[in-house]
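Engineer: show me the folded form of this:
(one chain, ligands or ions: 1)
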Amino acid sequence: MWRVFLLLTLSWAVTANITGQHPKSGTCMCISGTGVHARTKAGLSGSIHATVNSGDCFKFHGGILTTDGYTWYQLQHVSGSENLWVAGNFINTATSSHCSSTSSGSGGCTATAKDYACRILAMHNSGKIHLWERHPSGVHDNAYSYNNIKDTCDGHKATVSHYTCAECRSPGAPGGQVCLNEQLLKYIYDVGVKGYAHINEVAGACHSCHSYHYRGRAVDIDPGSRRSDFITMCRNHGGWALDEGNHIHCEFRH
Ligand SMILES: *[C@@H]1O[C@H](CO)[C@@H](O)[C@H](O)[C@H]1NC(C)=O
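Structural biologist: Just a heads-up that it's a prediction; the model follows:
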């Protein structure tokens with residue numbers, strides 16, 4: 001990871017580096033680089049709660065701190081509602097239009113997605129379905145199915161996990177954020193309308209390296225007593241279903 005970090009520092013130095021600048025809070029800032037670490041604290045000891053990439057833009061939250069050889073800028077809502085710190089070497093300032101989709105409350109995702117997410121969250125809160133608040137791996141992050149749905153309902157992108165597993169030893173789950181697919185959310189909602197369901201994972205956890213989960217286009221549901229129902233409903237919604245034994249996987253490729 002260190003090698004990647006240094007490489008990016010060099011290759012992006014010409015286009016991105018706001019080190020030394022003191023922009024106003026609310027200034028739109030865009031990432032320049034791939035797999036850039038966003039940390040909970042300024043400094044290399046701050047834990048990495050998200051990885052961000054070129055094209056991801058966030059409003060500046062106001063914090064600037066120089067430590068460990070870098071000047072760190074605090075960006076808003078990088079991971080759901082979390083404000084995280086990114087080294088200035090990987091940041092450009094941008095016109096506010098690059099951040100306007102976030103301020104309109106949709107996180108750049110569709111209003112329909114937000115609407116379904118809020119309805120799913122309401123079902124969770126009333127006990128009609130259960131959105132899991134853990135990963136089978138035991139890894140703690142902001143990408144549990146509960147977080148994904150709550151963040152989408154709150155107008156943010158859903159967080160993707162960032163860790164490795166046997167199914168994808170390298171590079172592992174990629175991290176970052178993603179808009180959840182509308183059809184996927186409609187499927188989860190309709191599953192809940194028909195009866196109780198336990199939603200294991202949406203964009204979170206580590207799966208095979210090219211998993212549709214990382215694109216916000218797949219869900220894993222505990223089969224309970226509705227195994228064939230979940231598979232049939234997935235197909236009827238235009239999805240592709242796979243019975244993986246301890247869960248039903250349903251993905252939406254288009
Ligand atoms: C970024 O800019 C600062 C201040 O101008 C400078 O000291 C630093 O060397 C630059 N870093 C890179 C990687 O270009």
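
Engineer: walking through the stretch 1-150 of the chain, point out its helices one by one.
Structural biologist: 2-11, 100-103, 111-125, 145-153 (DSSP state H, counting those that start in this stretch).

Engineer: any idea which of the ones you listed scores lowest on pLDDT?
Structural biologist: For these, the weakest mean pLDDT is recorded on helix 2-11, namely a mean of 44.

Engineer: in stretch 117-129, what's buried?
Structural biologist: Neighbour counts over stretch 117-129 (16 or more other C-beta atoms under 10 Å) mark 117-121, 123-124, 129 as buried. All C-beta atoms are positioned from the backbone trio N, CA, C, and that covers glycine.

Engineer: how about it as PDB, C-alpha atoms only?
Structural biologist: This file holds the C-alpha atoms of stretch 117-129, laid out as PDB (Å, rounded to 0.1, in the frame of the first residue of the first chain):
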ATOM      1  CA  ALA A 117     -34.200   3.300   1.000                       C
ATOM      2  CA  CYS A 118     -36.400   5.300   3.400                       C
ATOM      3  CA  ARG A 119     -39.300   2.900   3.000                       C
ATOM      4  CA  ILE A 120     -37.000   0.000   3.700                       C
ATOM      5  CA  LEU A 121     -35.500   1.700   6.800                       C
ATOM      6  CA  ALA A 122     -39.100   2.300   8.100                       C
ATOM      7  CA  MET A 123     -39.800  -1.400   7.700                       C
ATOM      8  CA  HIS A 124     -36.600  -2.200   9.600                       C
ATOM      9  CA  ASN A 125     -37.600   0.200  12.400                       C
ATOM     10  CA  SER A 126     -41.000  -1.400  12.700                       C
ATOM     11  CA  GLY A 127     -39.500  -4.900  12.800                       C
ATOM     12  CA  LYS A 128     -40.900  -6.000   9.400                       C
ATOM     13  CA  ILE A 129     -37.500  -6.700   8.100                       C
END
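
Engineer: quick one: residues in contact with it.
Structural biologist: 130-131, 146, 149-150, 152-153, 180, 185, 188-189, 191-193, 196-199 (C-beta atoms under 8 Å, 6 or more residues apart in numbering).

Engineer: in PyMOL, select just the buried ones from the residues you listed.
Structural biologist: In PyMOL syntax, the buried subset of those is picked out as below (16+ other C-beta under 10 Å):
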select buried, resi 130+131+146+149+150+152+153+180+185+188+189+191+192+197+199
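
Engineer: re earlier: save the buried residues of stretch 117-129 as TSV, and put in distance to D222 too.
Structural biologist: Formatted as TSV, these follow (distance: C-beta to C-beta, whole Å):
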residue	distance to D222
A117	20
C118	23
R119	20
I120	15
L121	18
M123	15
H124	14
I129	10
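
Engineer: what stretches of this protein score poorly on pLDDT?
Structural biologist: 1-15, 80, 100-108 (pLDDT under 70).

Engineer: strands along that one, start to end?
Structural biologist: Using DSSP state E, the strands of the chain run over residues 28-31, 36-39, 48-52, 57-67, 70-79, 82-87, 91-93, 130-131, 158-159, 177-178, 198-201, 218-222, 240-243, 248-251.

Engineer: list the buried residues of the longest one.
Structural biologist: Neighbour counts using 16+ other C-beta under 10 Å place 57-61, 64 of strand 57-67 among the buried residues.

Engineer: which strands or helices does that strand pack on?
Structural biologist: Counting contacts by 3 or more C-beta pairs under 8 Å, 6 or more residues apart in numbering; DSSP states H and E, strand 57-67 packs against strand 28-31, strand 70-79, strand 82-87, helix 100-103.
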